[in-house]
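J.: what follows is a predicted protein model with its sequence.
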Amino acid sequence: MKTHPLLAAALVTQLVICTFAQQAPRPPLERPPSPLPTPPPRQQQPQAQKPDEDEVVRITTNLVQVDAIITDRDGKRVTDLKPEEVEISEDGKVQKITNFSYVVTEALAGKTNAAGTAKDKNAPPIPSARLRPEDIRRTIAVVVDDLGLSFESTHFVRSALKKFVDEQMQPGDLVAIIRTSGGMGALQQFTSDKRQLYAAIERVRWYGNGRGLVGAFAPLTGGDTSGVMPGSGSDPTAIPEDLDRFREDVLSVGTLGAVSYVVKGLRELPGKKSVLLVSEGFRLINTRDLGRSGGRVVDSLRALTDQANRSSVTIYTMDARGLQTLGLTAADNTGGMRPDQVARAISNRATTFSESQDGLIVLAQGTGGLSIRNNNDLSGGIKRVLEDQRGYYLIGYRPDQSTFDLKTGRRQFHRLSLKVTRPGKFVVRMRNGFIGVTDEETRPPQTPVQKMIGALVSPFGSSGVHLQLTTLFMNDAKTGTVMRSLLHIDARDLTFTDEPDNWHKSVFDVIAVTFGDNGVPIDQVSRSHTVRVRGETYKSVLRDGFVYALIVPVKKPGAYQLRTALRDNETDRIGSASQFVDIPDLKKDRVALSSIVLSGVTAAEYKRATLPAGQSANDTSSSAPSPANPGAAQSEGVEEGDAQAGPAVRHFRQGLVLQYGYLIFNAGVDKTTRQPQLITQVRLVRDGQVVFTGKELPFSTAGQTDLKRLTVGGALQIGSELAPGEYALQVIVSDLSAKEKYRTATQWIDFEIVK
């Protein structure tokens, strides 16, 4: 096993395929299998006009291409300009436009995700639809600068983020909520799944070791003449505190470094991307101490601006402090201070506030974004950012060779400007320039390991080798809490070499990493694996693929992502997949659910399996079909067979019976009957819309041996008229003996209906 040195200790792996549904006795069915109704027709979203290339901004020896937003004097977006009505200039020299188009990126107007429109705050959320690259309308990274956020602002930021996720996210939005103190791994959080975003919001807390204080300013104390945060300057005649200045600069550079890391990851995503930096600002240059502060911050800002422009990322900034009173406040104590000292302290406070906003303004202007400040409506600020991304002009020209020439040993920064020649007054927002380096020079060749890491951290699964990951959370009294992961591998994408005696061998590398809710790697395993098969087993593996199994011990509850990447050694093809799992805290003694095990069988198989004990030799004690015998496969952790309708793949034909099983933890007990009072229900969801709702059924504990871990099973038949496509099966359990806030638990799993 080869383990990456920067990641945590290796996962414990048990190379055998199993599911918890095969370990428990069969419970009574929640409902008999019956055909599901035909869902309403899917609404078709309008196709947005897209540029010829996924990259919005390109800087090559043959083309410089940038995006611009143009509005009239009333702030209304102008969308009907013609190429002859605009002029683009590089370093003041007008260039001939070779590419010109207006690109629409907005989602369906007025349509919100159903999960965000539920009136009952305790109602179970509706599973969100899986987002494919071609479905993305907007890619948004909300970077919360907790390195420089005050205790006061943190509360308002969390509230604004929750409102954003609940009410402002649109279908087609790919979102991440990232903290600047989170370090590497932040890009693991890009998702359309609101569960992951809620988990990220819960991690937004005041960072005591940062540069943010309890409030926006440190209160004045008797004899204090600064009235501002440490390191911001006191009496102009006093000697500056170098240590505080250095610490402030380092933390500011840390903020810009975190944003830079996000921008790097966004570069490979399609279309126009944006970053919203929610911060209390940072100073570029201290006007009261020129020459001693700001150099390293300015250098970091310039590098970030160029990187964002090359990655087609627009950076918006928002001052989390809102509208501030810069005069005396109730927290200030001016006892022992002369009037001139009080006046100087108030002046210093205003100067520091203005200087801290300068960095946010310059960063937004340099990348074509907006800087939102002096406004207490943070939710409204986020709305402005979203509305600003409805569309943009894509403009390109062919640069002179001198654009990329070295001068005085350094690359020159080339300034860009855009002028509208149509009569009238217009406001143009665009990127202000670029450093004379081509995109080809900024993208060095990658090693196989770097390619695997890139596939691992990408928000989308790489499809060089088709993978499907199913991660199941479960808990039992002996082993505790574990995540069992089934990785289905399409063997047709692997290279098999022929060996003597009709054996066929394939060698591939696998990396699996578990990330916590803050994007930081927790555990990982990487190994090279060899599969040898022959005869009918070889044909079966090529036809149906095979499953690679991992068992991951979970040390504590929380939101996790398991990400995997696989590389075929012979061809260097790479595939990747990921899944989010929310592990509840079972020690809180609240009702919770395990993951759902899902499988499909024919009606005849289902009928034989559900006959009373003793009536059939084929009777089984499992609510899901047993995995195939490994046969001639000589490989740990690998099973082959018809896995399409099994728990790992979940591709079901019309007419099959859909079987599901899960566990209920910590059900309350009625004081009179000493039995749980539970109501169970199932829903079928497609594209974020409920298309089938089952009846609410009381749960019977007959045959159950552990009231803290109740086994539930059920079945639904897929009607022949049910349209093929991607669905989610959601189970909802209500504990009538619990408080209303903790009464409902839900879980879901995706599957696909195929012809």
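T.: Structure received.

J.: give me the buried positions along stretch 524-543.
T.: Within stretch 524-543, the residues that qualify as buried are 524-526, 529, 531-534, 537-538, 540-542, counting by 16 or more other C-beta atoms under 10 Å. (Each C-beta comes from the backbone N, C-alpha and C, glycine too.)

J.: end-to-end on it?
T.: In stretch 524-543, first residue to last residue: 30 Å (C-alpha to C-alpha, to the nearest Å).

J.: coming back round to it: so of the buried residues of stretch 524-543, which ones are in helices?
T.: Judged by DSSP state H, helices contain the following of the buried residues of stretch 524-543: T537, Y538, S540, V541, L542.

J.: pop the domain breakdown of the chain in here.
T.: As assigned by automatic domain parsing, the chain contains the domains 20-42+447-754, 61-105+393-437, 136-389.

J.: most tightly surrounded among those?
T.: Most buried of those, by mean neighbour count (mean count of other C-beta atoms under 10 Å): domain 136-389, with a mean of 20.

J.: mean confidence (pLDDT) on that one, please.
T.: Average pLDDT, domain 136-389: 75.

J.: quick one: that domain to chain centroid distance?
T.: Distance, stretch centre to chain centre, for domain 136-389: 21 Å (C-alpha atoms, centre = their mean, to the nearest Å).

J.: stretch 723-739 now?
T.: Remark: stretch 723-739 is offset 23 Å from the chain centroid, using C-alpha atoms, centre = their mean.

J.: what about the helices in the stretch 501-650 of the chain?
T.: 535-544, 603-609 (DSSP state H, counting those that start in this stretch).

J.: so which of the ones you listed comes closest to G703?
T.: For G703, the closest of the helices of the stretch 501-650 of the chain is helix 603-609, at 16.5 Å, according to C-beta to C-beta.

J.: does the closest residue to L550 other than its chain neighbours sit in a helix, a strand or a coil?
T.: Excluding the flanking residues, the one nearest L550 by C-beta to C-beta, 6 or more residues apart in numbering is S485, at 4.4 Å. Three-state call for S485 (DSSP: H, G, I helix; E, B strand; the rest coil): strand.

J.: my guess is S485 contacts L467, does it?
T.: No - between S485 and L467 there is no contact, the gap being 11.3 Å when judged by C-beta atoms under 8 Å.

J.: okay, and the common contacts of the two?
T.: T564 (C-beta atoms under 8 Å, 6 or more residues apart in numbering).

J.: how far away is V78 from P339?
T.: Distance of V78 to P339, given as C-beta to C-beta, to the nearest Å: 53 Å.

J.: likewise for S528?
T.: The gap separating S528 from P339 is 76 Å, by C-beta to C-beta.

J.: R608 too?
T.: Distance, R608 to P339, by C-beta to C-beta: 94 Å.

J.: OK, contacts around the residue most central in space within the chain?
T.: Centroid-nearest residue in the chain, with C-alpha atoms, centre = their mean: F190, separated by 2.0 Å. When contacts are counted by C-beta under 8 Å, 6+ apart, F190 touches T139, A141, L174, V175, A176, G265, L269, P459.

J.: out of these, which one sits closest to T351?
T.: Nearest to T351 among those: A141, at 31.3 Å, using C-beta to C-beta.

J.: break down the stretch 251-400 of the chain into its strands, ranges please.
T.: Assigned by DSSP state E, counting those that start in this stretch, the strands in the stretch 251-400 of the chain fall at 273-279, 313-319, 371-372, 391-397.

J.: turn these into CSV, including distance to S734.
T.: Formatted as CSV, the strands of the stretch 251-400 of the chain follow (distance: least, C-beta to C-beta, whole Å):
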stretch, distance to S734
strand 273-279, 37
strand 313-319, 39
strand 371-372, 42
strand 391-397, 45
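
J.: so which of these comes closest to P724?
T.: Smallest distance to P724 across those (C-beta to C-beta): 32.2 Å, for strand 273-279.

J.: circling back: report the two of the buried residues of stretch 524-543 separated the most.
T.: For the buried residues of stretch 524-543, the farthest-apart pair by C-beta to C-beta is Q524 and R534; their separation is 32.7 Å.

J.: thinking again about what came up before, let me see the contact set for the residue nearest to L550.
T.: Residues near S485 by C-beta under 8 Å, 6+ apart: L469, T470, T471, L472, A512, A549, L550, I551, V552, L562, T564, Q579.

J.: quickly note the distance from the last one to A141.
T.: Just to be clear, that refers to Q579. Relative to A141, Q579 is positioned 21 Å away (C-beta to C-beta).

J.: equivalent analysis for the first one, please.
T.: For L469, the distance to A141 (C-beta to C-beta) stands at 24 Å.

J.: got it, and the third one?
T.: According to C-beta to C-beta, T471 and A141 sit 25 Å apart.

J.: sorry, back to before: which one of the ones in helices among the buried residues of stretch 524-543 is nearest to L328?
T.: V541 (76.5 Å).

J.: may I ask you to confirm that that closest one is in contact with A491?
T.: Yes - the criterion here is C-beta under 8 Å, and V541 meets it with A491 at 4.7 Å.

J.: all helices for this structure, in order.
T.: For the chain, applying DSSP H gives helices covering 151-163, 194-202, 242-266, 295-310, 339-366, 378-387, 439-442, 448-457, 535-544, 603-609.

J.: now distance to E90 too, for these, in TSV please.
T.: What follows is these, written out as TSV (distance: least, C-beta to C-beta, whole Å):
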stretch	distance to E90
helix 151-163	39
helix 194-202	40
helix 242-266	23
helix 295-310	13
helix 339-366	16
helix 378-387	28
helix 439-442	16
helix 448-457	32
helix 535-544	55
helix 603-609	69
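
J.: picking that back up, to P124, which of the domains of the chain lies closest?
T.: Using C-beta to C-beta, the nearest of those to P124 is domain 20-42+447-754, at 3.9 Å.

J.: quickly note the distance from L472 to G646.
T.: From L472 to G646 the distance is 13 Å (C-beta to C-beta).

J.: whoops, I mixed them up, E87
T.: Relative to G646, E87 is positioned 62 Å away (criterion: C-beta to C-beta).

J.: likewise D400?
T.: According to C-beta to C-beta, D400 stands 61 Å off from G646.

J.: what of K556?
T.: Separation of K556 from G646 (C-beta to C-beta): 30 Å.

J.: returning to what we had before: tell me the pLDDT at the residue nearest to L550?
T.: So S485 comes in at 86 (pLDDT).

J.: which residues does it form beta bridges with?
T.: T471, L550 (DSSP bridges).

J.: relative to E726, how far out is it?
T.: Distance, S485 to E726, by C-beta to C-beta: 20 Å.

J.: measure stretch 542-560 end to end?
T.: Here the two ends of stretch 542-560 are set 32 Å apart, with distance taken as C-alpha to C-alpha.

J.: again, but for stretch 363-376
T.: 21 Å.

J.: and if you look at stretch 477-496?
T.: End residues of stretch 477-496 are separated by 42 Å (C-alpha to C-alpha).

J.: ok, now stretch 555-573?
T.: Using C-alpha to C-alpha, one end of stretch 555-573 lies 34 Å from the other.

J.: now find how far off-centre it is within its chain.
T.: Mean-position distance between stretch 555-573 and its chain equals 16 Å (C-alpha atoms, centre = their mean).

J.: average pLDDT across that stretch?
T.: The model assigns stretch 555-573 a mean pLDDT of 87.
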